[in-house]
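K.L.:
Here is my input; please provide its structure:
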Amino acid sequence: MKRFLGSMLCGVILLAGCSSSDTIDQSISLKTNNFYPISYALLPGWNKDQQDQALPALLASCQAYEKNNFNQKNRIEHIEFSYNWFDLCDNAKNLKISDQNDARKFFEKWFIPYVFKSEPEGLFTGYYEPLLQGSRVKTSLYQVPLYRRPPDLIEVNLAKFIQEEKRTIWGRNVKGKLLPYFKYEEIDQGALSAKNLELIWLKDRVDAFFLSIQGSGLISLGQGEKIRIGYDGKNGHPYFPIGKKLIDDGFFTKDTVSMLGIVDWLRAHPNQAQQTMYLNPSYIFFREINGSKNGPIGALGVELTPERSIAVDPSYIPLGIPLWVDLKEGQSSWQKLVLAQDTGGAIKGKIRGDIFFGTADQAMVKASSFKNYGTYYILLPQGIKTNRL
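P.N.:
Below you'll find the predicted structure:
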């Protein structure tokens, strides 16, 4: 997301003597009062991880960088920085690993860890790619549609109109006016049924509801045929976690609520399920994903890697970069190197993340029970450059 820099860059990076045309080589550090580099010795659990397992995710990020000729411009804390990823990605591609320390040394050579000062711990959850049975046509068994992106859906990046505004809004054109798009309840009640937009039909409304939350899925069409579908826009209404309502109504507590628990509750209470799901007005549209062999495609445009890809809020964290995640998991810790490669409607805030756990039942079990608090450290490449705008 593009955000403003204004005239404060020289002050916030704590360097003197720069002018509006200066390009400052930050080969040592990019630093503000709230964001600064630290040593790897201060990363909790860094020497215990198997960083080689994060290399496939890094190489996936490199695929995205290559589409932009390896030149990336991003912003953190109101500072724009740029970096040419070619040499780093080329070295990652040709890295020879004789033991797991080689990958750790690679990241230590090419990246500097940064931390946000005095930020409270945030919530980290898990998500997965469901495997569901479906049909390309409506039948007596398959009655619940998943819709393609409607042609009247309009996406507006407000930053193109107001520099300080970081939101994107969605709506529909009605006689030259941009109006809110249909809510999930309206769509489920048939607002799009006459537009021939059905992509896939499913058996179960609860499955369709959670597929919209997960953002992608693997659909078995029978006789060995499977297709992958993924996000292709949204109706723009805010996501509402129905688990919060079920907690407020006393069906769960904050400690006992989980995705699997919510699914079971909805199926056990069919008379209440529909109205409960309608509390969430958000809805996403799907497209068929071609060329994806091993996993779903995230917001970065590359395949996600189980337990090494994370969804973040791109208003604060640039997509594609590594993060060191440090979470409390019961009496132990969950500490891993991951890559910011996806986003999510419920993933909002500076310290917030959603770990991708993979596809189908085993991943579902892991993801549904994953709800931990902690923080992350941002790994930025050596030699980034900042520009005052």
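K.L.:
Where does pLDDT dip in the stretch 51-200 of the chain?
P.N.:
Scanning the stretch 51-200 of the chain for pLDDT under 70 picks out nothing.
K.L.:
what are the ranges of the strands in it?
P.N.:
Using DSSP state E, counting those that start in this stretch, the strands found in the stretch 51-200 of the chain span residues 71-76, 79-84, 111-116, 122-129, 131-135, 144-147, 153-157, 168-174, 177-179, 198-202.
K.L.:
chain center to the last one: distance?
P.N.:
So that's strand 198-202. 24 Å (Cα atoms, centre = their mean, to the nearest Å).
K.L.:
Report the separation between Asp207 and Ile162.
P.N.:
Separation of Asp207 from Ile162 (Cβ to Cβ, to the nearest Å): 39 Å. (C-beta placed from N, C-alpha, C; glycine too.)
K.L.:
When the two are compared, which one has more neighbours?
P.N.:
Asp207 (18 against 10; other Cβ atoms under 10 Å).
K.L.:
Surely Pro314 touches Gly298?
P.N.:
No - the pair Pro314 / Gly298 is not scored as a contact, 11.3 Å apart, by Cβ atoms under 8 Å.
K.L.:
Mind checking which of the two has more residues around it?
P.N.:
Gly298 (27 against 18).
K.L.:
Quickly note the distance from the more buried one to Ala311.
P.N.:
7 Å.
K.L.:
Next: Lys109.
P.N.:
28 Å.
K.L.:
can you count the residues close to the closest residue to Pro241 other than its chain neighbours?
P.N.:
Take Pro241 and drop its neighbours on the chain: the residue closest to it by Cβ to Cβ, 6 or more residues apart in numbering is Ala346, 6.4 Å away. As a burial measure, Ala346 scores 17 neighbours (other Cβ under 10 Å).
K.L.:
Who are the packing partners of the top helix by length along the chain?
P.N.:
Longest helix in the chain by number of residues (criterion: DSSP state H): helix 55-67. Applying 3 or more Cβ pairs under 8 Å, 6 or more residues apart in numbering; DSSP states H and E, one finds that helix 55-67 contacts helix 86-93, strand 332-342.
K.L.:
Now do the SS call for the nearest residue to Leu43 once chain neighbours are set aside.
P.N.:
Excluding the flanking residues, the one nearest Leu43 by Cβ to Cβ, 6+ apart is Trp324, at 5.2 Å. Here Trp324 is strand, with the state taken from DSSP: H, G, I helix; E, B strand; the rest coil.
K.L.:
how about Trp324, what does it touch?
P.N.:
Shown in contact with Trp324 (Cβ atoms under 8 Å, 6 or more residues apart in numbering): 43, 46, 113, 335-338, 376-377, 379.
K.L.:
Could you point out which of those residues is nearest to Pro130?
P.N.:
Nearest to Pro130 among the contacts of Trp324: Val338, at 21.2 Å, using Cβ to Cβ.
K.L.:
For the closest one, name its beta-bridge partners.
P.N.:
Here Val338 sits in beta bridges with Leu323, going by DSSP bridges.
K.L.:
now it: how far from Gly320?
P.N.:
If you go by Cβ to Cβ, the gap between Val338 and Gly320 works out to 12 Å.
K.L.:
right, and the helix or strand after whatever helix or strand Ile262 lives in?
P.N.:
Using DSSP states H and E, Ile262 sits within helix 259-268. Sequence-wise, the next helix or strand downstream of helix 259-268 (DSSP H and E) is helix 270-278.
K.L.:
Quick one: residues in contact with that next one.
P.N.:
Contacts for helix 270-278 (Cβ under 8 Å, 6+ apart): 184-185, 188, 205-206, 209, 242, 245-246, 266-267, 269.
K.L.:
Kindly indicate which of the residues you listed lies nearest Asn91.
P.N.:
For those, the nearest to Asn91 is Phe209 (44.2 Å; Cβ to Cβ).
K.L.:
show me the contacts for that closest one.
P.N.:
With Cβ under 8 Å, 6+ apart, Phe209 has these contacts: 266, 277, 280.
K.L.:
and the last one, what does it touch?
P.N.:
Looking back up the chat, that one is Asn280. 184, 209, 239-242.
K.L.:
hmm, which two among the residues you listed are most spread apart?
P.N.:
The largest separation in the contacts of Asn280, counting by Cβ to Cβ, is between Tyr184 and Pro241 at 13.5 Å.
K.L.:
of those two, who's got more company?
P.N.:
Tyr184 (21 against 15).
K.L.:
Give the closest residue to the more buried one in space, chain neighbours not counted.
P.N.:
That would be Tyr283: by Cβ to Cβ, 6+ apart, it lies 4.2 Å from Tyr184.
K.L.:
Need the pLDDT of the one you found.
P.N.:
Looking at Tyr283, its pLDDT is 96.
K.L.:
Hmm, His237 and it touching each other?
P.N.:
Yes - counting by Cβ under 8 Å, His237 is a contact partner of Tyr283 at 7.3 Å.
K.L.:
Which one of Lys109 and Ala311 is surrounded by more residues?
P.N.:
Neighbours of Lys109 and Ala311, each counted by other Cβ under 10 Å, are more numerous for Ala311; the result is 27 against 10.
K.L.:
tell me the strands in the stretch 201-350 of the chain, going along the chain?
P.N.:
Under DSSP E, counting those that start in this stretch, the stretch 201-350 of the chain gives strands at 216-222, 225-234, 284-289, 309-311, 322-329, 332-342.
K.L.:
Most tightly packed of those?
P.N.:
Comparing the strands of the stretch 201-350 of the chain by mean neighbour count (mean count of other Cβ atoms under 10 Å), strand 309-311 comes out on top with a mean of 28.
K.L.:
avg pLDDT for that strand?
P.N.:
97.
K.L.:
contacts for that strand?
P.N.:
Under Cβ under 8 Å, 6+ apart, the answer for strand 309-311 is 57, 60, 127, 298-299, 323, 325, 338-344, 347, 353-356.
K.L.:
Likewise for stretch 106-113?
P.N.:
29, 37-40, 42-43, 51, 54, 88, 91-92, 95, 322, 324, 337, 377-382.
K.L.:
Now with 7 Å, please.
P.N.:
By Cβ atoms under 7 Å, 6 or more residues apart in numbering, the surrounding residues in contact with stretch 106-113 are 29, 37-38, 40, 43, 51, 88, 92, 95, 322, 324, 337, 377, 379-382.
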